[in-house]
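Colleague: no FASTA, just this:
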């Protein structure tokens, strides 16, 4: 069995600070720096896997050529597909044109040739992520396309070298709460079709559960409960099929996007037993002291695989699905009314990577009313920049709706609920919220959420530390700024909370 990485470095642009390795101290990471970034993540930080993103962004097709040419000695001793892993996130051809898909698949094949010529025993690229996976047919389509392309290349373009392998491992990235709640059925249908085509079962599956985009669309409360449901269903599938699963979670640093930072590793491991790989995004790596980043990655690599998953009983799962639906409805109704007020803030959030127009969860009809939403990082940055963490939207009102048994069930399976809201609450600015209510009464619902969270969970919302107090002061200035001054203040606040969004 291959090594399963515990940490996957990604190119998510959520860093407030410049990378520690950038001599110009520029927080913007160009596509030309991502080759070196991957090596630094492997060699200096101890990360096992690096996601090379082809979805909705520019990607360097010469990645393997450059890695092997410029860092040959390192990869001779730390071989890709054995010790370290470079994993492509493919474009989803049901949501964007297939130009990048053809290019990405071709790179996988030519990289195999190059590695063979250099004397490496394994092809360096063998596993890919399919974002926005909705059906088993989509997964099989990727298998068939790669198989056809590999066979064509071997026949028409491969002379003296061995034929290319015509098979890739697939990681289904499941995004929406509705899709994640159907994880078990997706895996069952996929393995049945896989077996029919390949005459065998997959050796293993690494289901990948999104955390940021579903939180944006459905709220943090519904998303966390859904992640628990998806994780349980994955392991139920594994128990019935005897196919090992190694779930992945796509998490950012702030609670709304997953709450995994160097300071919260222990809490995260305890809250999500059974998770086998987690993303360590840009803010995790660049907004914290280097020694703490390295220690946190080491702890994840050593301990994440040791936890045992929590398997939900059917009645528990059904109840959690119902609760998540109610929380989602409350969240979406409020967000539709208040999101337009942040349009200028969203536009002023600085860019950190080179991206094409966003292709993702919101690009195929998931709008909230007539409101077109930004990317999840920009969304989170916008709300935090006003001192109104989005974690609170709907949280108080859904807690008030829960009866005693429902509240006990939520507390049992979302153990960090109180802690997550306390952490987010340190960046709350009550004065800004009152000002927004004066402009738009719909914000009164968020005020109600904050009051109810404090009453029901028995916590105090507001800044406590020196940095949190400074953050409150900066966000008080943001609300009336514009242009470059607004962007500068957004960055100033982000540096204090150690994450852009």
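Modeller: All right, it came through fine. What you see is a predicted model, and the numbers here were worked out from it, not measured in a lab. Numbering: from 1, shown residues only.
Colleague: Now do the contacts for the residue lying closest to residue 25 once chain neighbours are set aside.
Modeller: Once flanking residues are discounted, residue 25 sits nearest to residue 18: 4.4 Å by Cβ to Cβ, 6 or more residues apart in numbering. For every residue, glycine as well, the C-beta is placed using N, CA and C. Applying Cβ atoms under 8 Å, 6 or more residues apart in numbering, one finds that residue 18 lies in contact with 24-27, 286.
Colleague: Return the residues in contact with residue 278.
Modeller: 6-8, 248-249, 251, 260, 268, 300, 304.
Colleague: Next SSE downstream of whichever helix in the chain runs longest?
Modeller: With DSSP state H applied, the helix covering the greatest number of residues in the chain is identified as helix 314-338. Scanning the chain past helix 314-338 towards its C-terminal end, the next helix or strand to appear is helix 343-348 (assignment: DSSP states H and E).
Colleague: Would you mind pulling up the elements that that next one packs against?
Modeller: The contact analysis (3 or more Cβ pairs under 8 Å, 6 or more residues apart in numbering; DSSP states H and E) places helix 343-348 against helix 376-385, helix 483-497.
Colleague: Which strand or helix spans residue 215?
Modeller: With the criterion set as DSSP H and E, the secondary-structure element containing residue 215 is helix 212-218.
Colleague: chain center to stretch 411-418: distance?
Modeller: Using Cα atoms, centre = their mean, to the nearest Å, we find the averaged C-alpha position of stretch 411-418 to lie 21 Å away from the chain's own average C-alpha position.
Colleague: buried stuff in it?
Modeller: Within stretch 411-418, the residues that qualify as buried are 413-414, 416-417, counting by 16 or more other Cβ atoms under 10 Å.
Colleague: repeat for stretch 8-23
Modeller: For stretch 8-23, a neighbour-count test (16+ other Cβ under 10 Å) marks 8-19, 22 as buried.
Colleague: got it, and stretch 265-282?
Modeller: Buried positions in stretch 265-282, judged by neighbour count with 16+ other Cβ under 10 Å: 265, 267-269, 271-272, 274-282.
Colleague: Quickly check these for the two that are furthest apart.
Modeller: With distance counted by Cβ to Cβ, no two of the buried residues of stretch 265-282 lie farther apart than 274 and 282, which are 25.8 Å apart.
Colleague: Give me the three-state assignment for the residue nearest to residue 25.
Modeller: Assigned with DSSP: H, G, I helix; E, B strand; the rest coil, residue 18 falls in the coil class.
Colleague: I'd guessed residue 42 sits against residue 84; true?
Modeller: Yes - using Cβ atoms under 8 Å, residue 42 is in contact with residue 84, at 4.9 Å.
Colleague: Can you check which residues contact both of the two?
Modeller: In terms of Cβ under 8 Å, 6+ apart, residue 42 and residue 84 are both contacted by the residues 48, 50, 78.
Colleague: Just the ones of those in strands?
Modeller: residue 50 (DSSP state E).
Colleague: Which single one of the shared contacts of residue 42 and residue 84 is nearest to residue 118?
Modeller: When the shared contacts of residue 42 and residue 84 are compared for distance to residue 118, the smallest value, 14.0 Å, is given by residue 78; criterion: Cβ to Cβ.
Colleague: Model confidence score at that closest one, please.
Modeller: As summarised for this prediction, residue 78 has a pLDDT of 97.
Colleague: Tell me which residues touch it, please.
Modeller: Taking Cβ under 8 Å, 6+ apart as the contact definition, residue 78 lies against 42-43, 84.
Colleague: before we move on, what about residue 296?
Modeller: Applying Cβ under 8 Å, 6+ apart to residue 296 gives the contacts 261-262, 265, 280, 284, 288.
Colleague: Would you quantify the distance from it to residue 252?
Modeller: Taking Cβ to Cβ, to the nearest Å as the measure, residue 296 falls 14 Å from residue 252.
Colleague: Domain boundaries for this protein, per the record?
Modeller: The chain is divided into the following domains under automatic domain parsing: 7-306, 315-497.
Colleague: can you put those in CSV and add distance to residue 1?
Modeller: Below are the domains of the chain laid out as CSV (distance: least, Cβ to Cβ, whole Å):
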stretch, distance to residue 1
domain 7-306, 7
domain 315-497, 29
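Colleague: How many residues are close by residue 25?
Modeller: Here the count is done by other Cβ atoms under 10 Å, and residue 25 has 9 residues near it.
Colleague: looking at this, it is in a helix?
Modeller: No - if the criterion is three-state DSSP, then residue 25 is coil and not within a helix.
Colleague: so how far is residue 19 from it?
Modeller: In this view, residue 25 and residue 19 are 9 Å apart by Cβ to Cβ.
Colleague: now swap in residue 200 and tell me
Modeller: In this structure, residue 200 lies at 43 Å from residue 19, with Cβ to Cβ as the measure.
Colleague: Then residue 415?
Modeller: Distance, residue 415 to residue 19, by Cβ to Cβ: 33 Å.
Colleague: what do you get for residue 101?
Modeller: Residue 101 sits 29 Å away from residue 19, going by Cβ to Cβ.
Colleague: Quick check: which ranges of this protein have low pLDDT?
Modeller: Along the chain, the parts satisfying pLDDT under 70 run over 96-98, 356-370.
Colleague: go again using 50 as the cut-off
Modeller: Across the chain, the ranges flagged by pLDDT under 50 are 358-366.
Colleague: Tell me where it has strands.
Modeller: Along the chain, the stretches classed as strands by DSSP E are 7-9, 49-53, 85-89, 127-130, 169-174, 208-210, 248-250, 277-280.
Colleague: export these to CSV and tack on distance to residue 328?
Modeller: Listed next are the strands of the chain as CSV, based on distance: least, Cβ to Cβ, whole Å:
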stretch, distance to residue 328
strand 7-9, 27
strand 49-53, 28
strand 85-89, 26
strand 127-130, 25
strand 169-174, 16
strand 208-210, 15
strand 248-250, 19
strand 277-280, 23
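Colleague: Next up, phi/psi of residue 132, please.
Modeller: phi 60, psi 40 (degrees, to the nearest 10).
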